[in-house]
Each structure stands twice: as structure tokens, then as C-alpha cells.
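A.B. asks: I would like to see how this sequence folds:
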Amino acid sequence: MSKKLIGIIAGIILLATSLSVYIVLGSINEETPKVNENSLELTDEAKAVDINVTQQSITTSNPFEEKVNTPLSELLIQQYIHAMSHQKVKAKEKWSFYEITDERINFLLAQLEVNNYKNEQLYIEILTSWKNGDFSNAANQHNAVWKLQEGTVGKASGLLSPKEEEAFLQSRERESR
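C.D. replies: Below you'll find the model as predicted:
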């Protein structure tokens, strides 16, 4: 074969390879979740993408609607459980609140499966009873987590009645920990 023919074939192969790489990279960019740079919040398109969460990644599926590293820290597990318990208990002070939902309970139970925590058994007992609709021990459960957090104000003194719980939920404008 002549050098000219070899050069033409090599040029065609190089051109085809370059075009293939360009097409592949273009399709990857179209599938990559986009971040709104002004607010640093994920767009709806990005939230719909199934992201495998690793230990160093930020979760987009946190039902507490916060961007946090997963697996969650023990302190964050405590804060979420403590804030959710406020829906069910009487206490003079309640500085945090998250409504109890199945999605949040399941999220926390899943976090307990992927990491080891010092007080893991307590968290499992609390969340499992809540998952089963049993809030009869919520005041003691609140106080157990409150003690782990070295609480000094806001010890639970009992359970809210269903009417008091509804009034509490209606009085909350936003959720926070």
C-alpha cells in the first residue's frame, strides 16, 4: 500500500474517532444533572436523575429537604428524631420541628443500615415504633434523645392529645432542626 493511501485511511479513522468522542461527550452533558448556580439548588431535572449516593456525596433525596452528606452523622440523626418528636410531646420549649412522615422514618432507618452509630439501638427502637404507628412512648423517647444532646430546657412532660397535636401542626409555618 502506498503512503498516501495509509495516510487517508489513518485520517478517516482519526476523524471517525474524534466524531464519536464528540457525540459521546455531548450526550453525557445532556444527561448530567444541572445545578442552578445562583441558588446552588438542584433543578427539577437533576432531582429526577437516579443518583447513587456515596459516603462523600450530597443527597438529593433527603425528605427533610436539606442538602447533607450521607451517611448521616449521629448528631444529625438525633436532631431529626428530636425535631420529629415535638409533634407528639408536651414541652415548655420546642425549638425545632419536622413533621413525622413514613418517608422520613424510612430514610432514617435506611441511614442506620449503612453506618454504625453509638446509640443505634435506641434510634432503631424509636423509629420502628413510630413506623408501626406506636407513639405511646414518644415522651420518653424524646427525653432519651434530648439527654443524649445534653438538653437543659424543653424536657417532655407527656403526650399531646390529638387535638393539641393538630393545633401544634397548624401553628408551625416552617420546619427546621
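
A.B. asks: which secondary structure element contains the spatially most central residue of the chain?
C.D. replies: Note on the chain: the residue nearest the mean C-alpha position is residue 62, at 2.1 Å, using CA atoms, centre = their mean. For residue 62, there is no helix or strand it lies in under DSSP states H and E.

A.B. asks: which stretches of this protein have low pLDDT?
C.D. replies: Within the chain, the ranges that satisfy pLDDT under 70 run 1, 15, 18-22, 24-60.

A.B. asks: For it, just list every one of the strands.
C.D. replies: Secondary structure of the chain (DSSP state E): strands at 35-36, 41-42, 89-90, 158-159.

A.B. asks: Show me how the record splits the protein into domains.
C.D. replies: For the chain, automatic domain parsing gives the domain ranges 3-48, 74-171.

A.B. asks: winner for burial among these?
C.D. replies: Among these, domain 74-171 has the highest mean neighbour count (mean count of other CB atoms under 10 Å), at a mean of 16. (Each C-beta comes from the backbone N, C-alpha and C, glycine too.)

A.B. asks: what bridges to residue 159?
C.D. replies: Beta-bridge pairing for residue 159 (DSSP bridges): residue 89.
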